[in-house]
Each structure stands twice: as C-alpha cells, then as structure tokens.
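Asks: One predicted model, sequence on top.
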Amino acid sequence: MLAVDLPYWAQSLLRVLGGTVAVLLPAGTIVYLFLFKMMSFMQSRLGPMEAGPYGSMQLFAEVGKWLQKEDLAPDGADKRIYRMAPLVVLVSTFLLVAVVPFGPDAYFTNFDAGVFYMLAVSSISTLGILMAGWSSANKYSLLGGLRAAGQLIAYELPMVLAVLGVVIQAGTMNLQQIVVKQNSDSIFGWDGLGNPYILTQFIGFAIFMIAVQAELTQTPFDMPIAESELVSGYMTEYSGFRFLIFFIAEFATAGVFSLIASVLFLGGWGVPFSWFGWDAATGSVDNWMNVAGPIIMITKMMVLSGIIMWVRFSYPRFREDQLQRFAWKVLIPVSLLNIMLTAILKVAF
Amino acid sequence: MVLASDIQVAQNVGFAIIALTMIIAGVGVIAARNVVHAALSLVVVMAGAAANYVLLSAEFVAVTQVLVYIGAVMVLFLFGVMLTRAQVGKDAEVNNKNAVVAAPVALLLFGVLAYVLLKGFSDDKIAATTGNGAKPQDTAAISDLIFKPYLLPFWALSFVLLAAVIGAIVLARKD
C-alpha cells in the first residue's frame, strides 16, 4: 500500500518523531490560540502582544522562563517520587497518542484492542497525580491529589460506558476500523455523509466530552486544583521544568482526547468513501489520504478542544459533592441506558 | 533439538529486561520501608506482567492487566493508603516478625508454580493461528469465547462481584 518501503528502524524512528509532534503541536496550539488569545478576547483584553506578531512567540518566552527557573523540591518531600510524578503523567499522554490513527497507513500502531488500550492507558495519569500529591509532603497537595484521584476514578466509568455504545455500533474495538466503518456506512441507504457516530451516538458523544472535561480537570471540574482553596492542588510545590511538564501534559492530553473523540464520533481522518468510490472491504483508499488525513484530524481536534476550552472559560466550578453526584447519579445511569438502547437497536436493525 | 533459527533473539532480550525489572521491583515491594514505595514497586511488577503478556501476543490480556490492576486496583490501593496513614519517610511498622514464616511459603509457591508451568507448557509455541483461522490475539475471538461457551461461568463471576460490591456498601454504611 505504501509507496516507499522503509526498514523497520526507520519506521520506528518516524513513528517516535510523529508521536512527539502529535503530542507537542496540539499542546502548543491549544495554549496559544485558546488559553492566551481566546480567553483574552472573551475577557475584553488583547492577551500577549509583545513577543512576535500578535504575541505568537509568547510560547517560546514562557518555555524559556520555566526552563531557567530553579528545580525546587520541599525539604520534607519524598524526592525520588516527587521528581518522577510529572513524568508518569506525561508518559500516559504519549502512550495515549500511540493508538490514534491519522490516515490509512499513517498510524503508530493498529491493533484490535485499541479502544480498550486507550481507556487503560488514560488511567495511568491518575497514578502520577497521586504520586505528586503525596510526595510533596504538603496538605494542599495531598488534598488536591486525593480529590483528583476521586474525580478521575468517578469520571472514567461514564467515559468507558459512553465509548461502549460506539464499540457496539461499529462491532470492533480497532480504532482504524471504526474510522473506516463510519466513512463507508450509510444512513438509511444514503451514503453521501458516511455515518459519523455523532449522529447516532449523540448521547455517548456528550457524555464522553463531559467525562473528558473532568478527566482533564478543566473548569467546571477543576476542584483538584481549585486555586482559591488549594493554592494549586497537587502542583503546588512544583516549579520550573517539572511544572512545565505538568502544564504540557495537561494541554497535550486535551489535544489527544480531542483526537480520540474525533476518531470515535466524527469519522476520524476519513472523508465519506462514496465521494471517491473507495472500497472499504479491500481498503483501497488513495495514498494522498495519508497527507490529507492528519490535516483533517487536526482540524477536528481544534474544533473539539476549542469547545473544551470554551466551556472552561465560561462556567463556574462544581462543588466536590455536586461533582461526584453528577458522575454517579446522572452520567452513569444515562450512559447505561445509552448502551441498552444501542444494543437493542443494533439487534433490531 | 533447538535450531538457531527457532530462537527469537529480540523476544528473549526483551523478556530478560522485563523479568529483571520485575524481580528488582518485586524485591522492592517487600524490602521497602514505606507503604507507598512498596505499592509503587508493585505497580512496576504489574506493568512488567502486562509487558510479558504483550510478548506472548496476548494484547487483550495485557490491556486488561493495565486497566484493572494499574488503573483501578493500585490507584484505589494508593488512594486508601494516602487517605488513612502514609507518611513520607521510613515507617517502622511496615515489616513484622512473620517474615520468617512467609519466606518458606513463598519458596514453596514458587517451586509448585515453576514445576506446573514447566511440566504443562515446556515446549509449547504460540500458534500463529488457531484452528478456525483466527489469530490468537484476536479480540473478537476472545469475546466469542466468553459470551458463548463460557457465558455461565462469566455470569456467575459477575454475580459474585456484585455481591461483593453490595456487601462492601452494607459494611461501610453505618446508618
């Protein structure tokens, strides 16, 4: 299928490079476009304007600022675990992007248990947050870490259950095949749009996006880092390079989750196969999709992470009990109902 | 006779690295003077087990290992430990005198498991395909097995877990 035949080491190198780009590029774009500019405009101010045209070089200034700060650790901290914690969170993000397909041949890995893998790996970041909260030897940090863990455990369930609807409808857990399926299916015989699952799984999509918002601890679910009561939660003691890693991981994970949401619900890298007469069964998708696919994916990612940030800037914070009640008493029952409905309709049609 | 072409060098090197990491982390679990350190070492052991499953081309089991043990069990474990009593630094109460009794039990268990595994699987190779042409790592094949011939045991297990959940709620609620 691929025009050039690369040796295994070259493929691996390309994949590592691609993965790094796929993690860092969304993070940088989200921070500049949404955190610096969109938030400023929503608050009737200009945001950073000095560094580069329209402040576009501000990111590099910020990274430089953080890198030259001293790498501090509190005296009573458990130093080894304290230093490891941000890396665990970042590793979770990198593992997560490994499963996202960007084109017919442009993927990092392509395996059957893809959806399952995505859910498993995303839970590793909880471990890093708990480590950070505990090892800082600081009450604010510990409280923040525990709140974060409780929240991530609670919102992981609705996320898993929301994704199950898509898995039932697609009949596969392979993310690549989910994309192919969405673009080659038809809506009651009309195949001009494919069948993006956002139409049939809209409840699942809404629950998934809410759960993502909570997993990322973005406002309105930012109880774990609530700055008015916990200083900065589990990140309180971190400075310099290690804080930068937490910061990158937060926004990179927002980007990766948006990528995954666009794969699961918005048709991923594909365009409806009927437009170009592609055949899903034989996988005869034109090679130029390997270039167009990533661009389509990035566009969808920007829209979805734009929504995540928009909600973040618009809503006030949930209280801790409201937050837990919302997960257990609203999201989980609704997503269970969604699974039942999907299963019944799947058997009926 | 073992032919040179039968030995998969990359897999063996990978296994050696994983096994060594697991052994070091396993010793770390019992030697640690701090509950949280022990728990984090246990995470490494679990991750090593998951990596070994990948080597055995059982990706579904590997992912389950990560989701259930690292993502849920260990997180809850750490959550509980941190919520109740876990100080930074050494904890004198972590190790107790029963270690003397535990050592022979562990050795016995190791011996029995090693004997059974070697006797049962000594020369087995992972089949490239199963009888009906499916790959052994096929997730769909696993789900077909669980929900067809093994449906009843699967249900029974689910009910045991449900009973455990309800029991935990009954025990925890005072009112």
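Replies: Happy to help now that I have it.
Asks: residue contacts, residue A:213?
Replies: With contact taken as C-beta atoms under 8 Å, 6 or more residues apart in numbering or on different chains, residue A:213 is in contact with A:220, A:221, A:308, A:311, A:312. Placement of C-beta: from N, CA and C, glycine included.
Asks: I'd like to know which elements the helix or strand hosting residue A:176 is packed against.
Replies: Assigned by DSSP states H and E, residue A:176 belongs to helix A:175-184. Counting contacts by 3 or more C-beta pairs under 8 Å, 6 or more residues apart in numbering or on different chains; DSSP states H and E, helix A:175-184 packs against helix A:114-122, helix A:139-170, helix A:240-265.
Asks: To what extent is residue A:265 buried, counted in neighbours?
Replies: Close neighbours of residue A:265, defined as other C-beta atoms under 10 Å in any protein chain shown, add up to 28.
Asks: dump the residue contacts of it.
Replies: Counted by C-beta under 8 Å, 6+ apart, residue A:265 has contacts A:166, A:196, A:197, A:198, A:201, A:204, A:205, A:208.
Asks: Would you check how far apart the residue nearest to the spatial centre of chain A and residue A:118 are?
Replies: Nearest to the mean C-alpha position of chain A, counting by C-alpha atoms, centre = their mean, stands residue A:257 at 1.6 Å. As for residue A:257, its distance to residue A:118 is 9 Å (criterion: C-beta to C-beta, to the nearest Å).
Asks: For residue B:160, grab the count of nearby residues.
Replies: Counted with other C-beta under 10 Å, residue B:160 comes out at 10.
Asks: shaky segments in the chain?
Replies: Picked chain A for this. Across chain A, the ranges flagged by pLDDT under 70 are A:1-4, A:189, A:192, A:280-284.
Asks: other chain: chain B
Replies: Those would be B:1-7, B:85-86, B:88-95, B:126-137, B:175, if you go by pLDDT under 70 across chain B.
Asks: of all the contacts of residue A:265, which two lie farthest apart?
Replies: Within those, A:196 and A:208 form the most distant pair, 13.8 Å apart (C-beta to C-beta).
Asks: So which of these two has more stuff around it?
Replies: Set residue A:196 next to residue A:208 and count neighbours by other C-beta under 10 Å: residue A:208 wins out with 25 against 21.
Asks: With adjacent residues omitted, what lies nearest to the more buried one?
Replies: Ranked by C-beta to C-beta, 6 or more residues apart in numbering or on different chains and with sequence neighbours excluded, the top spatial neighbour of residue A:208 is residue A:162, at 4.3 Å.
Asks: what about whatever residue of chain A ends up closest to chain B, how many neighbours?
Replies: Minimum separation of chain A from chain B (C-beta to the nearest C-beta) falls at residue A:123, amounting to 3.1 Å. Number of residues near residue A:123 (other C-beta under 10 Å) recorded here: 23.
Asks: Same question for residue B:54.
Replies: So residue B:54, with other C-beta under 10 Å, has 16 neighbours.
Asks: got the contact list for it?
Replies: Counted by C-beta under 8 Å, 6+ apart, residue B:54 has contacts residue B:62.
Asks: Now do the same for it: helix, strand or coil?
Replies: helix (DSSP: H, G, I helix; E, B strand; the rest coil).
Asks: Then the one 3 residues further on?
Replies: Under the three-state scheme (three-state DSSP), residue B:57 adopts coil.
Asks: how many other residues sit next to it?
Replies: Residue B:57 has 14 nearby residues by other C-beta under 10 Å.
Asks: Ramachandran angles for the closest residue to chain A within chain B?
Replies: Distances between chain B and chain A by C-beta to the nearest C-beta are smallest at residue B:71, namely 3.1 Å. Phi and psi for residue B:71, reported as degrees, to the nearest 10, are phi -70, psi -30.
Asks: How about it, nearest residue that isn't a chain neighbour?
Replies: Residue B:71 sits nearest to residue A:123 (C-beta to C-beta, 6+ apart), 3.1 Å away.
Asks: list the contacts for that neighbour?
Replies: Residue A:123 neighbours (C-beta under 8 Å, 6+ apart): A:152, A:156, B:66, B:67, B:70, B:71, B:72, B:75.
Asks: circling back to that earlier point, between residue A:257 and residue A:118, which contacts overlap?
Replies: Common contact partners of residue A:257 and residue A:118 (C-beta under 8 Å, 6+ apart): residue A:96.
Asks: that older thread, in TSV: the contacts of residue A:265, plus secondary structure.
Replies: Output for those, formatted as TSV (three-state DSSP):
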residue	secondary structure
A:166	helix
A:196	coil
A:197	helix
A:198	helix
A:201	coil
A:204	helix
A:205	helix
A:208	helix
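Asks: Among these, name the buried ones.
Replies: A:166, A:196, A:197, A:198, A:201, A:204, A:205, A:208 (16 or more other C-beta atoms under 10 Å in any protein chain shown).
Asks: What is the three-state secondary structure of the closest residue to the second one other than its chain neighbours?
Replies: With C-beta to C-beta, 6+ apart as the criterion, residue A:196 has its nearest non-adjacent residue at 4.3 Å, and that residue is residue A:267. Following three-state DSSP, residue A:267 is assigned to coil.
Asks: And the one 10 residues further on, by the same measure?
Replies: Three-state call for residue A:277 (three-state DSSP): coil.
Asks: Count residues in the vicinity of it, would you?
Replies: 8.
Asks: next one: stretch A:285-303 to chain centre, how far?
Replies: In terms of C-alpha atoms, centre = their mean, to the nearest Å, the centre of stretch A:285-303 is found 17 Å from the chain centre.
Asks: Buried residues, that stretch. List them.
Replies: For stretch A:285-303, burial by neighbour count (16+ other C-beta under 10 Å) applies to A:285, A:289, A:290, A:293, A:294, A:296, A:297, A:298, A:300, A:301, A:302.
Asks: quick one: contacts for the last one?
Replies: When contacts are counted by C-beta under 8 Å, 6+ apart, residue A:302 is found next to A:29, A:33, A:258.
Asks: Can you give me the distance of the last one to residue A:97?
Replies: As defined by C-beta to C-beta, residue A:258 lies at a distance of 11 Å from residue A:97.
Asks: do the same with the first one
Replies: Per C-beta to C-beta, residue A:29 is found 15 Å from residue A:97.
Asks: Between these two, which has more neighbouring residues?
Replies: Shown here are residue A:29 and residue A:97; by other C-beta under 10 Å, residue A:97 has more neighbours (24 against 17).
Asks: so who does the more buried one touch?
Replies: Residue A:97 is in contact with A:19, A:22, A:23, A:108, A:256, A:259, counting by C-beta under 8 Å, 6+ apart.
Asks: Residue A:145: which of those residues is nearest?
Replies: residue A:256 (22.1 Å).
Asks: show me what contacts that closest one?
Replies: By C-beta under 8 Å, 6+ apart, the contact set of residue A:256 is A:22, A:23, A:26, A:93, A:96, A:97, A:100.
Asks: Just give me the neighbour total for the last one.
Replies: Just to be clear, that refers to residue A:100. Neighbours of residue A:100 using other C-beta under 10 Å come to 24.
Asks: For the residue sitting furthest away from the middle of chain A, which three-state class applies?
Replies: Ranking residues of chain A by C-alpha distance from their mean position (C-alpha atoms, centre = their mean) puts residue A:75 at the top, at 34.5 Å. What three-state DSSP gives for residue A:75 is coil.
Asks: What degree of burial does residue 157 show, as a neighbour count?
Replies: Since no chain was named, I'll use chain A. Applying other C-beta under 10 Å, we find 16 residues neighbouring residue A:157.
Asks: Hmm, no, I was thinking of chain B.
Replies: So residue B:157, with other C-beta under 10 Å, has 11 neighbours.
Asks: So it versus residue A:6, what's the distance?
Replies: 46 Å.
Asks: which residues does residue A:85 contact?
Replies: A:128, A:129, A:131, A:132, A:135.
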